[in-house]
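Enquirer: Take this sequence and fold it.
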Amino acid sequence: MHPNLKQTIESLDTSVLSNDRKEVVKPLIEYLSARIKNDEPIRVVFICTHNSRRSHLAQVWMQVLAHYHNIDKVYSYSAGTEETAVYASVIKTLENVGFIAEKLSDGENPIYAIKYAKNEPAVLAFSKELTSDFNPKSEFAAIMTCSQADEGCPFIAGAEKRIPITYEDPKAFDNTDEEASKYNKRSIQIATELHYMFQQLTLK
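Expert: Below is the predicted model of the structure:
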């Protein structure tokens with residue numbers, strides 16, 4: 001794993017999580033625990049309206065933290081109720097904590113390869129709808145990272161489990177002096193909660 005990224009993970013403080021937030025992630029812990037117990041692959045799709053910010057942060061952190069905690073057969077995805085583009089500050093935020101990102105294509109919806117370790121596959125980040133062929137069609141957990149997507153998608157075909165784990169949108173601070181700090185804050189919140197989740201799995 002890239003040294004700066006490993007240092008970031010080791011600095012995550014799960015003691016700051018409230019009991020309310022621990023209860024929010026509990027259903028995901030239970031889902032993953034059951035899949036691990038049965039030696040089944042774990043597929044998780046993080047869903048938000050535009051698949052441009054929170055869902056990508058969650059997808060990337062899920063994959064790297066599974067690697068960090070030595071949980072095998074974890075496959076992390078993201079999707080939106082509509083296709084837009086990954087917001088540039090998401091990529092910059094990840095780079096600032098130790099990820100290495102490469103832009104593979106330009107255009108209105110660019111594709112990024114995000115590496116967390118030299119010998120591990122890159123996480124591909126680009127905006128897509130849930131129905132995209134890039135995402136799984138069955139045997140996955142759908143994690144709703146924004147309330148709009150949770151309310152707007154009453155049914156998700158193929159999902160074994162639907163779990164709302166929502167976050168406030170850092171988009172509210174775009175083009176302000178607080179943009180970088182607010183994106184980092186949201187990224188670290190997501191990372192901390194997923195880190196806690198994996199800690200609970202390794203204790204079982």
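Enquirer: Which residue ranges of the protein form strands?
Expert: 42-48, 74-80, 100-103, 112-115, 123-125, 140-144, 159-164 (DSSP state E).
Enquirer: Tell me the buried residues in the lengthiest helix in the chain?
Expert: Secondary structure of the chain per DSSP state H: the longest helix is helix 179-203. Neighbour-count burial for helix 179-203 flags 179, 182-184, 186-198, 200-201 (criterion: 16 or more other C-beta atoms under 10 Å). In this view, the C-beta of every residue, glycine as well, is placed from N, C-alpha and C.
Enquirer: which one of the strands of the chain lies closest to Lys26?
Expert: Nearest to Lys26, of all the strands of the chain, is strand 159-164, at 9.3 Å by C-beta to C-beta.
Enquirer: need the contact list for the residue most central in space within the chain.
Expert: Nearest to the geometric centre of the chain sits Ala58, at 1.4 Å (C-alpha atoms, centre = their mean). Applying C-beta atoms under 8 Å, 6 or more residues apart in numbering to Ala58 gives the contacts 46, 76, 78, 143, 145, 165, 190, 194.
Enquirer: Mind doing that once more with 10 Å?
Expert: Residues near Ala58 by C-beta atoms under 10 Å, 6 or more residues apart in numbering: 44-48, 76, 78, 143, 145, 165, 167, 186-187, 190-191, 193-194.
Enquirer: for Glu120, same thing?
Expert: With contact taken as C-beta under 10 Å, 6+ apart, Glu120 is in contact with 1, 63-64, 67.
Enquirer: Could you check how far it is from Glu10?
Expert: As judged by C-beta to C-beta, to the nearest Å, Glu120 and Glu10 stand 18 Å apart.
Enquirer: for Arg186, same thing?
Expert: 20 Å.
Enquirer: partners of Ser76 in the sheet?
Expert: Counting by DSSP bridges, Ser76 is bridged to Val44.
Enquirer: What count of nearby residues applies to it?
Expert: 21 (other C-beta atoms under 10 Å).
Enquirer: Tell me the spacing between the closest residue to Asn109 other than its chain neighbours and Ser105.
Expert: Nearest residue to Asn109, sequence neighbours excluded (C-beta to C-beta, 6 or more residues apart in numbering): Ala85, at 4.6 Å. According to C-beta to C-beta, Ala85 and Ser105 sit 11 Å apart.
Enquirer: Can you check the pLDDT for the residue of the chain positioned farthest from its centre?
Expert: In the chain, the residue that sits farthest from the middle, by C-alpha atoms, centre = their mean, is Asp177; the gap is 25.1 Å. Listed pLDDT for Asp177 reads 97.
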